[in-house]
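**Q** quick one: sequence and predicted model below, then my questions.
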Amino acid sequence: LLSMLSFILLPGHMCLAQKQTQHKDARAEAVRAGMLRAFGGKKKLKALDYITYRLTRTAYRDEDTTTTEQLWFMHLRKPLVIKLEVNGQDTIVSSTASLVLDCAPDIPERKAAYERLLRSRFFNFLYLLNAPDADISFITRQTYKREPVNIIRVSNRQFPTITLDLFVNRKGEVVTSSTIDRISGQYERFGDEYAYEKLAGGVVFPLLYRVVQQDKLLAEGIFSNMQLNSLSPFWERQLRLLAVTP
């Protein structure tokens, strides 16, 4: 993990500020429009600048169960993501990973950390629904756990290998997501979404997810303390320490 802000750009890719034009998939855009409504409406989502939240992640293994706590600051317009690892009940930050997604020299040893943060932001629904760097294509109609869903695939123009298939129900809610395994050619793991709740300003977000494989629970995550366009005293201090402004 990085101890301070890292300015990174992978070789051969353009800055996020540079725009590209591409033909839109009409069926995928119709599904996306339903998602916009389900998550609170285009107007409310467009008004979002940044979010902060706590993520409690639990991994279930045969030999043990591990729970970790993370604090996230995620800007939805500026190229800034910050992740803090929490150690103990006193919210002690044990390590920091932060990233400015902008033009800068490539640092190969930090490529993995860069891509993890990029992936985390790109696949956050509140960012994805507004993301200028997202391409969306319609895949098929199926059923998932006996519920009819439209499957759309989202990808990142700067990193074409980052893709995710969203299973969207008739309400526009994402009931699960997955990526096709390169070896088997099948969906193997699913990230089921639960507990859609209305947040401040009427924005809606699923506060619980579970990762399952062949009906076996592998991990789950709970979002809490989610704030939209608002900084707690804790986050005000953290941003001052990192010398960044939202």
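**A** Great, that's in hand. Numbers count the residues shown, from 1 in each chain.

**Q** centroid-wise, who is the farthest residue in the chain?
**A** The centre of the chain is farthest from one residue, Glu63, which by C-alpha atoms, centre = their mean lies 28.9 Å away.

**Q** could you check the pLDDT of it?
**A** Note on Glu63: pLDDT of 81.

**Q** same check on Lys83?
**A** We have a pLDDT of 86 for Lys83.

**Q** wait, doesn't it sit right on Arg121?
**A** No: using C-beta atoms under 8 Å, Lys83 and Arg121 do not qualify as a contacting pair, with a distance of 9.9 Å. C-beta here means a position set from N, CA and C on the backbone, and glycine is covered the same way.

**Q** which strands or helices does the helix or strand where Leu164 lies pack on?
**A** Secondary-structure assignment from DSSP states H and E places Leu164 in strand 163-168. Contacts of strand 163-168 with other secondary structure elements, assessed using 3 or more C-beta pairs under 8 Å, 6 or more residues apart in numbering; DSSP states H and E, are made with helix 26-38, strand 134-144, strand 147-156, strand 174-178.

**Q** for this protein, what's the longest strand?
**A** Among the segments of the chain that qualify as a strand by DSSP state E, the longest is strand 216-228.

**Q** got the buried residues for that one?
**A** With burial defined by 16 or more other C-beta atoms under 10 Å, the residues of strand 216-228 counted as buried are Leu218, Ala219, Glu220, Gly221, Phe223, Met226, Leu228.

**Q** mind giving me JSON lines with those and columns for distance to Thr245 and pLDDT?
**A** Conversion of the buried residues of strand 216-228 to JSON lines gives the following (distance: C-beta to C-beta, whole Å; pLDDT from 0 to 100):
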{"residue": "Leu218", "distance to Thr245": "38", "pLDDT": "96"}
{"residue": "Ala219", "distance to Thr245": "34", "pLDDT": "97"}
{"residue": "Glu220", "distance to Thr245": "34", "pLDDT": "97"}
{"residue": "Gly221", "distance to Thr245": "29", "pLDDT": "97"}
{"residue": "Phe223", "distance to Thr245": "24", "pLDDT": "97"}
{"residue": "Met226", "distance to Thr245": "21", "pLDDT": "96"}
{"residue": "Leu228", "distance to Thr245": "17", "pLDDT": "96"}
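
**Q** wait, which of the residues you listed is closest to Lys44?
**A** Taking C-beta to C-beta as the measure, Lys44 sits nearest to Leu228 out of the buried residues of strand 216-228, at 9.3 Å.
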